[in-house]
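Novice: Quick one, what's the 3D model for this:
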Amino acid sequence: MSKRAIFDKKNILVTGGAGFIGSHLCDELVKTCKVICLDNFSTGDERNIDHLLADSNFEFVYHNITEPIDLESLPELQKFKIEFQGLQEIYNLACPMSPKDFAKNKAATLLANSYGVKNILDLAIKYRAKFLHFSSSAVYGPRRKDNLKIKEEEIGTVDILSKRSSYDEGKRFAEAMIANFRDVYNIDAKIIRVFRIYGPRMKLNDDQMIPDFIRDALDSQDLVILGDKNFSSSFCYISDLLDAVTNIMKTDIQGPINIGSDVDINLTDLAKKIINIVGSKSEVIYKNENFFMTPLGLPDITKARNELSWMPVVTLEKGLEKTIDDLRASKGLKGVKHVV
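Specialist: Next up is the predicted model:
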């Protein structure tokens, strides 16, 4: 296939682009590229991309990736001249991601990680586009008892019949499909394994930890940890993830490569930090853990450091302040009270 002409800016497709991570990625890419954001709002939110709709270099397409799509036939994309220029990069983040609604999205999650990934890979093959898939730390299975940091070479253990297998095994199958399509069709397909990310635009009332802690602190309600006092995890701020994404797309690295914070954070300490920043009188309480929101292993990010010259740089305190500012604003409040 002959190399396609790039008229002025690269054409980029972001599937799942209206989600928390996807919308932040669109914000960065649209600064220098033409961005097609594809989403069906299964767990994404139109409000995440409202500010981009007036940008001539951005176009939203409502579509479910489990159905094939012909981008060249869509009138709204004619300005991107896809029939001549094609796509240069594809970022796949399309997968239902809601702890609260996890059970009802099980079938959709399986389809997104099978049919959906296949359909997006078909576009990468057709246009010889660079492809980056956002996989998950869930492919490694539950946190190991030895608490050693997880290297990319570790196979991991996932119960294919568990309550959360649609996501865990779905993500593993998606990686297998990508690796095999890469070999068969000689495409530049990359995989990152994303550990817990947080920041502005996270959904409230979705059984996620940080936004729910912030909501309850702002409302002077008890902060509920779905587990005990030993529950811990790692948290990486959204801008650090985006830096890693930018770096890997400049390289020939295929991955998989771990992206996340390797610092273990006790959730009780995290909740107390949020209470302190907000200036709330909330208390921390404990309830039975959610089968989806469970302790996960910590990433070994040696490969990211050595091959991408990347490591997370945003401190937890600074990231929390930015996230609280955003969620406070979304609740119609102003500012953040800092406790000295």
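Novice: What's the local residue count around residue 311?
Specialist: As a burial measure, residue 311 scores 14 neighbours (other Cβ atoms under 10 Å). Bear in mind the C-beta positions are built from the backbone N, C-alpha and C, glycine included.
Novice: How about the contacts made by it?
Specialist: Contacts here follow Cβ atoms under 8 Å, 6 or more residues apart in numbering; on that basis residue 311 touches 301, 304, 305.
Novice: And these, which is closest to residue 33?
Specialist: Nearest to residue 33 among these is residue 304, at 23.6 Å by Cβ to Cβ.
Novice: Distance of the nearest residue to the closest one once chain neighbours are set aside relative to residue 250?
Specialist: Residue nearest to residue 304 in three dimensions, not counting chain neighbours: residue 310, with 4.8 Å by Cβ to Cβ, 6 or more residues apart in numbering. The gap separating residue 310 from residue 250 is 11 Å, by Cβ to Cβ, to the nearest Å.
Novice: if you count what's nearby, which of those two comes out ahead?
Specialist: residue 310 (21 against 8).
Novice: I'd say the more buried one and residue 241 touch.
Specialist: No - using Cβ atoms under 8 Å, residue 310 makes no contact with residue 241, being 9.8 Å away.
Novice: can you list residues touching both of the two?
Specialist: residue 259.
Novice: Mind checking which of the contacts of residue 311 are buried?
Specialist: Using 16 or more other Cβ atoms under 10 Å as the burial test, the contacts of residue 311 include 301, 304 as buried.
Novice: which element is residue 191 on?
Specialist: Residue 191 belongs to strand 189-194 when assigned by DSSP states H and E.
Novice: Partner strands of the helix or strand that that strand is followed by, with direction?
Specialist: Downstream of strand 189-194, the next assigned helix or strand under DSSP H and E is strand 197-198. Looking at strand 197-198 with DSSP bridges, its partner strands are strand 236-237 (parallel).
Novice: picking up where we left off before, now do the strand holding residue 191: distance to the chain's middle.
Specialist: Relative to its chain's centre, strand 189-194 lies at 11 Å (Cα atoms, centre = their mean, to the nearest Å).
Novice: and that strand, what does it pack onto?
Specialist: strand 130-136, helix 165-185, helix 238-249, strand 257-259 (3 or more Cβ pairs under 8 Å, 6 or more residues apart in numbering; DSSP states H and E).
Novice: Need the winner for burial among the ones you listed.
Specialist: Highest mean neighbour count among the helices and strands packed on strand 189-194 (mean count of other Cβ atoms under 10 Å): strand 257-259, with a mean of 26.
Novice: Show me what the helix or strand just after it is packed up against.
Specialist: Of the helices and strands lying after strand 257-259 in sequence (DSSP H and E), the nearest is strand 265-266. On a contact count with 3+ Cβ pairs under 8 Å, 6+ apart, strand 265-266 meets strand 232-233.
Novice: which residues touch the strand it packs on?
Specialist: 196, 209, 264, 265, 266, 267, 295, 296.
Novice: isn't residue 39 right up against residue 59?
Specialist: No - Residue 39 lies out of contact with residue 59 (Cβ under 8 Å); the separation is 11.9 Å.
Novice: These two - which one has more neighbours?
Specialist: Comparing residue 39 with residue 59 by neighbour count (other Cβ under 10 Å), the higher total belongs to residue 39, at 28 against 19.
Novice: which residues does that one contact?
Specialist: Residue 39 makes contact with 15, 16, 17, 18, 19, 22, 60, 61, 62, 63, 94 under the criterion Cβ under 8 Å, 6+ apart.
Novice: Give me the neighbour count for residue 253.
Specialist: When neighbours are defined as other Cβ under 10 Å, residue 253 has 17 of them.
Novice: same deal with residue 229?
Specialist: Residue 229: 12 neighbours (other Cβ under 10 Å).
Novice: Likewise for residue 236?
Specialist: Counted with other Cβ under 10 Å, residue 236 comes out at 25.
Novice: Can you name the residues bridging to it?
Specialist: Where residue 236 sits in a bridge, its partners, by DSSP bridges, are residue 197.
Novice: mind listing what it touches?
Specialist: Contact partners of residue 236, counting by Cβ under 8 Å, 6+ apart, are 195, 196, 197, 198, 259, 260, 261, 312.
Novice: now residue 159, what's its secondary structure?
Specialist: The three-state label given to residue 159 by DSSP: H, G, I helix; E, B strand; the rest coil is coil.
Novice: number of nearby residues for it?
Specialist: Residues near residue 159, counting by other Cβ under 10 Å, number 12.
Novice: residue contacts, it?
Specialist: With Cβ under 8 Å, 6+ apart, residue 159 has these contacts: 141, 165, 168.
Novice: Mind pulling up the pLDDT for residue 227?
Specialist: Per-residue pLDDT puts residue 227 at 81.
Novice: Only C-alpha atoms, please: export the helix or strand hosting residue 125 in PDB.
Specialist: Assigned by DSSP H and E, residue 125 belongs to helix 117-127. Extracted in PDB, the C-alpha atoms of helix 117-127 (Å, rounded to 0.1, in the frame of the first residue of the first chain):
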ATOM      1  CA  VAL A 117     -10.900  -4.600  19.400                       C
ATOM      2  CA  LYS A 118     -11.100  -6.600  16.200                       C
ATOM      3  CA  ASN A 119     -13.100  -3.800  14.400                       C
ATOM      4  CA  ILE A 120     -10.600  -1.200  15.500                       C
ATOM      5  CA  LEU A 121      -7.600  -3.400  14.500                       C
ATOM      6  CA  ASP A 122      -9.300  -3.700  11.000                       C
ATOM      7  CA  LEU A 123      -9.000   0.100  10.700                       C
ATOM      8  CA  ALA A 124      -5.400   0.000  11.800                       C
ATOM      9  CA  ILE A 125      -4.700  -2.600   9.100                       C
ATOM     10  CA  LYS A 126      -6.600  -0.700   6.400                       C
ATOM     11  CA  TYR A 127      -4.900   2.600   7.000                       C
END
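Novice: Nice, that's everything, thank you.
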